[in-house]
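Peer 1: Give the three-dimensional model of this entry:
(chains A and B)
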Amino acid sequence: MDDSDEALMARIARGDERAFGVLASRHLPVMLGLARRILGNAADAEDVSQEAMLRVWTHAPRWQPLALFRTWLTRVVVNLCLDRKRRAPWVALEAAGEIVDPAPGAGEKTERDERERLVAAAIAELPARQRAAIVLTYGDGMSNAQVAEILDTSVSAVETLLVRGKQNLRRALDSVD
Amino acid sequence: MNKKQLQDFLEAALKRHTQAPPADDAAVERVLKRLSGPLPRQKMPLWRLPGVLLDWQFAPAWPRVAALACCAALGFVIGIAGVDRHFDGGGSPFAVASRADLGSIVFEPEPLTGARP
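Peer 2: Numbering: from 1, shown residues only, chains lettered A, B, ... in the order given. Below you'll find the predicted structure:
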């Protein structure tokens, strides 16, 4: 039996719940990870992933294989994440307290850790679309064209999002130096 | 840290911080469990409606075939026997009335009194 995503979607379109289970098991881990990186929150990521898979079920009869199923599902997840971020603005985590390490070279290590923490915090505070573009480009290794397709925008707009995102991060890091 | 070092650090840090985390099996199980409940109704596209109608299986049913044959026979009889026959044809009471001189009927004097209407 053909177990490709497209074949499973054809079966789901006919109401096959078993095929839906197979497809959900296959894609949920990755989609959960993506949602978690964009939202920065595990509970919200679970909600978004569940909602995305339900959309797969309800929209299966209307789905047409114009693009890869994975690309379409990624687009659904990213859009749901952006919607959620729009409704509930990001709340930054409290900065962890610094622990003084008495080992040799501890100062250098502390500085490096501080920078890492700043990068993480700065990524978390990026606007949702910049963050999504950075996660898809750097985290998932997608090309700008793929990211543009998922974000439903042009390649030049993706490049702008990346440049602005990196400018924001650089500003955050410059504030330390 | 000079500009080049900062750029390199930023690129590396972006890759590190946006890497996909290891799969959280517990979270996956939780979501799958939530999805295993009754699923919502699927949205059917309108363009599939003709297909659905055409997919109907018409099982042979003698009463339906007989009804269809009766309708066909009735249609044939009506077609042959003449819905197209004219109303003023021979033998029709309408035709008789239409042939009479209506004016003479209306204005004819009363035979006994000679009065006119």
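Peer 1: A:Leu161: neighbouring residues, count only.
Peer 2: 24 (other Cβ atoms under 10 Å in any protein chain shown). Glycine gets a C-beta too; all of them are placed from N, C-alpha and C.
Peer 1: Which residues are in contact with the residue lying closest to B:Lys43 once chain neighbours are set aside?
Peer 2: Using Cβ to Cβ, 6 or more residues apart in numbering or on different chains and skipping the chain neighbours, the partner closest in space to B:Lys43 is A:Thr58 (5.3 Å). Contacts for A:Thr58 were tallied using Cβ atoms under 8 Å, 6 or more residues apart in numbering or on different chains; they are B:40-43.
Peer 1: Helices - which of these land there?
Peer 2: Among the contacts of A:Thr58, no member is found in helices (DSSP state H).
Peer 1: And the helices in the chain?
Peer 2: Using chain A. Using DSSP H, helices in chain A cover A:5-13, A:17-39, A:42-59, A:69-87, A:106-124, A:128-134, A:144-151, A:155-174.
Peer 1: oops, chain B please
Peer 2: Counting by DSSP H, the helices of chain B are B:3-18, B:25-35, B:49-54, B:62-81, B:93-99, B:102-107.
Peer 1: so which of those comes closest to A:Met31?
Peer 2: Closest approach to A:Met31 among those is made by helix B:25-35 (9.1 Å; Cβ to Cβ).
Peer 1: can you list the residues of chain B near chain A?
Peer 2: The interface of chain B toward chain A, taken as Cβ under 8 Å from any Cβ of the partner chain, is made up of B:1, B:6, B:9-10, B:13-21, B:23-25, B:27-28, B:30-32, B:34-36, B:39-45, B:48.
Peer 1: For chain B, give the residue positioned nearest to chain A.
Peer 2: For chain B, the residue closest to chain A is B:Thr18, as judged by Cβ to the nearest Cβ, at 3.3 Å.
Peer 1: how many other residues sit next to the closest residue to chain B within chain A?
Peer 2: Using Cβ to the nearest Cβ, A:Gly139 is the residue of chain A that sits closest to chain B, at 3.3 Å. Residues contacting A:Gly139 under the criterion other Cβ under 10 Å number 20.
Peer 1: Can you tell me the number of residues neighbouring the nearest residue to it once chain neighbours are set aside?
Peer 2: The shortest distance from A:Gly139 to any non-neighbouring residue, by Cβ to Cβ, 6+ apart, is to B:Thr18 (3.3 Å). If you count neighbours by other Cβ under 10 Å, B:Thr18 ends up with 19.
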